[in-house]
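[1] Need a 3D model of the sequence below.
(one chain, ligands or ions: 1)
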Amino acid sequence: MRKILSIVYVTILTFSMTAKAQKNTEKNAPRIIILATGGTIAGSGESATKAAYTAGKVPIDDLLNAVPDIHKYGKISGEQIAQIGSQDMNVATWLKLSKRINQIFKENLADAVVVTHGTDTQGETAYFLDLTVNSEKPVVLVGAMRPSTAMSQDGNRNLLDAVMVAANPKSQGKGVIVAMDEKVFDARDVTKTSTTNLETFKSTNFGPIGLIYDGKVSYYYQSLRNPSKKFDVSKVNELPKVEIVYGYADASPETVSNLATIPGLKGLVYAGMGNGNFGEPVGKALSDIAKKGVLVCRSARANSGRITLENEVNDAELGFVVADDLNPQKARVLLMLSLTETADRAKIQQNFFEY
Ligand code: SIN
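    Next up, the predicted model:
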């Protein structure tokens with residue numbers, strides 16, 4: 001009889017402890033809004049073992065239903081912002097996302113935001129949001145390399161991890177971050193490095209700022225490049241036109257001069273060889289286009305390192321700015337945003353050293 005009583009007691013105690021834990025979690029649970037944009041994380045294929053699939057097919061509610069444990073980390077709700085492969089990501093969707101996140105935080109609708117996104121342009125979107133979202137609250141981007149229908153898909157785990165990272169108070173004040181494949185990256189530094197590997201995201205100069213394992217995140221570093229002054233895009237409906245041109249051995253100057261004919265071109269990022277270098281004919285074409293008022297930024301096609309100002313190239317004389325350690329596609333993001341405020345070369349150069 002004593003044994004039965006003690007079993008009943010232990011069962012009641014366990015039940016009430018579980019119920020209490022759930023209640024506490026409910027009461028203090030952070031409110032997390034997931035903004036879905038599509039990508040492979042929402043991809044669907046006909047076969048679980050074949051590589052072919054279509055990105056951006058599965059709606060956010062289905063993604064959430066596939067990961068019931070997600071609700072342990074907070075009060076989760078989802079919104080569909082777009083349903084595209086991130087190859088089709090565009091300035092209009094960046095502005096829509098940024099404005100929505102700023103509104104969510106301004107109106108105190110959530111404590112953190114997670115953005116699901118294709119991996120192809122995830123780095124650019126993360127950096128755009130990093131430069132335009134004005135809040136200390138966590139914004140976490142996440143994607144997947146395998147579609148939701150694949151065997152050993154990575155999306156469910158990545159989504160759960162991203163929500164866990166967003167719910168963690170230590171994720172505040174870090175700017176926009178990317179949580180992928182058990183790592184956390186700073187938006188400014190992260191880039192996709194492999195077309196197909198799961199471990200595709202890397203910060204080639206500095207490494208991840210945190211590691212995720214077993215439902216926990218540990219932070220190790222924090223970027224010093226997270227200026228408190230953000231670009232205000234609240235009244236912006238389009239960005240100045242900036243294109244990228246690639247450098248290579250024996251490139252024709254027409255690769256640059258033809259771009260000058262694009263209507264409304266305001267900036268050009270040159271993805272140069274080595275320290276942002278060019279052959280002579282391309283250098284002349286870049287300088288000519290700069291003299292016509294197009295802001296030319298030298299960056300590197302190499303996937304790490306930085307471009308040094310006035311070192312191998314007379315930047316001031318030729319009318320160029322340098323991208324510092326930003327890759328060409330991120331240099332384009334900062335150049336477009338900078339050009340919404342100024343066309344002054346020196347001020348824009350300063351932005352590349354500060355942001
Ligand atoms: C995309 O970027 O939308 C497709 C590729 C991916 O998400 O991994």
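
[2] of all of the stretch 251-355 of the chain, which residue lies closest to the ligand?
    Q329 (13.1 Å; Cβ to the nearest ligand atom). (Glycine included, C-beta is placed from N, CA and C.)

[3] my guess is that residue contacts E243, does it?
    No - contact criterion Cβ atoms under 8 Å: Q329 and E243 do not qualify, at 11.2 Å.

[4] higher neighbour count, those two?
    Q329 (17 against 13; other Cβ atoms under 10 Å).

[5] re earlier: what about the residue of the stretch 251-355 of the chain closest to the ligand, which helix or strand?
    helix 328-339 (DSSP states H and E).

[6] who does the following helix or strand past that helix touch, helix- and strand-wise?
    With elements assigned by DSSP H and E, the helix or strand that comes after helix 328-339 is helix 345-354. In terms of contacts (3 or more Cβ pairs under 8 Å, 6 or more residues apart in numbering; DSSP states H and E), helix 345-354 is packed against strand 295-300, strand 320-322, helix 328-339.

[7] Ok, which of those comes nearest Q80?
    Ranking the helices and strands packed on helix 345-354 by proximity to Q80 (Cβ to Cβ) places helix 328-339 first, at 23.8 Å.

[8] Can you point out the buried residues in that closest one?
    328-339 (16 or more other Cβ atoms under 10 Å).

[9] related to what we said a few turns ago, want to throw the helices and strands packed on helix 345-354 into CSV with mean pLDDT?
    Putting the helices and strands packed on helix 345-354 into CSV (pLDDT from 0 to 100) gives the following:
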stretch, mean pLDDT
strand 295-300, 98
strand 320-322, 98
helix 328-339, 98
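
[10] thinking again about what came up before, tell me who's in contact with the nearest residue to the residue of the stretch 251-355 of the chain closest to the ligand once chain neighbours are set aside.
    Nearest non-adjacent residue to Q329, counting by Cβ to Cβ, 6 or more residues apart in numbering: E124, 5.1 Å away. Applying Cβ atoms under 8 Å, 6 or more residues apart in numbering, we find E124 in contact with 89, 329-330, 332-333.

[11] got the buried residues for the helix or strand where E124 lies?
    For E124, the enclosing helix or strand under DSSP H and E is helix 122-132. Buried residues in helix 122-132, counted by 16+ other Cβ under 10 Å: 122-132.

[12] after that helix comes which helix or strand?
    Following helix 122-132 in sequence order, the next helix or strand is strand 139-142 (DSSP H and E).

[13] re earlier: how about the residue of the stretch 251-355 of the chain closest to the ligand, what does it touch?
    121, 123-124, 244.

[14] where along the protein do the strands fall?
    31-38, 75-84, 112-116, 139-142, 176-180, 183-186, 191-192, 201-202, 210-213, 216-219, 241-246, 265-272, 295-300, 320-322 (DSSP state E).

[15] Centroid-nearest residue for this protein?
    Nearest residue to the geometric centre of the chain (Cα atoms, centre = their mean): A126, 2.1 Å.

[16] just checking, that residue touches V190?
    Yes - assessed by Cβ under 8 Å, A126 is found in contact with V190 at 6.5 Å.

[17] Look at the residue of the stretch 1-150 of the chain found nearest the ligand and say how many residues are nearby.
    The ligand sits closest to G118 of the stretch 1-150 of the chain, with a gap of 2.0 Å, by Cβ to the nearest ligand atom. When counting by other Cβ under 10 Å, one arrives at 25 neighbours for G118.

[18] need the contact list for it.
    37-41, 55-56, 84-87, 89, 143.

[19] if we go to 6 Å?
    Applying Cβ atoms under 6 Å, 6 or more residues apart in numbering to G118 gives the contacts 39-40, 55, 85-86, 143.

[20] So for stretch 153-161, what gets flagged as buried?
    Buried-residue list, stretch 153-161, by 16+ other Cβ under 10 Å: 153-156, 158-161.

[21] Give me the pLDDT value at the nearest residue to N237 once chain neighbours are set aside.
    Leaving aside its sequence neighbours, N237 sits nearest to L95 (Cβ to Cβ, 6+ apart; 6.9 Å). L95 is assigned a pLDDT of 98 by the prediction.

[22] What distance do you get for A187 to S228?
    15 Å (Cβ to Cβ, to the nearest Å).

[23] out of those two, which sits in the busier spot?
    When A187 and S228 are compared for neighbours, A187 comes out ahead with 28 against 6, by other Cβ under 10 Å.

[24] Touching, that one and M180? I think so.
    No - counting by Cβ atoms under 6 Å, A187 does not reach M180; the two are 12.0 Å apart.

[25] Turn the contacts of G118 into a markdown table, columns for pLDDT, distance to A48 and neighbour count.
    Output for the contacts of G118, formatted as a markdown table (pLDDT from 0 to 100; distance: Cβ to Cβ, whole Å; neighbours: other Cβ atoms under 10 Å):
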| residue | pLDDT | distance to A48 | neighbour count |
| --- | --- | --- | --- |
| G39 | 95 | 19 | 29 |
| T40 | 94 | 14 | 29 |
| A55 | 85 | 16 | 24 |
| G85 | 97 | 20 | 20 |
| S86 | 98 | 23 | 24 |
| G143 | 98 | 19 | 34 |
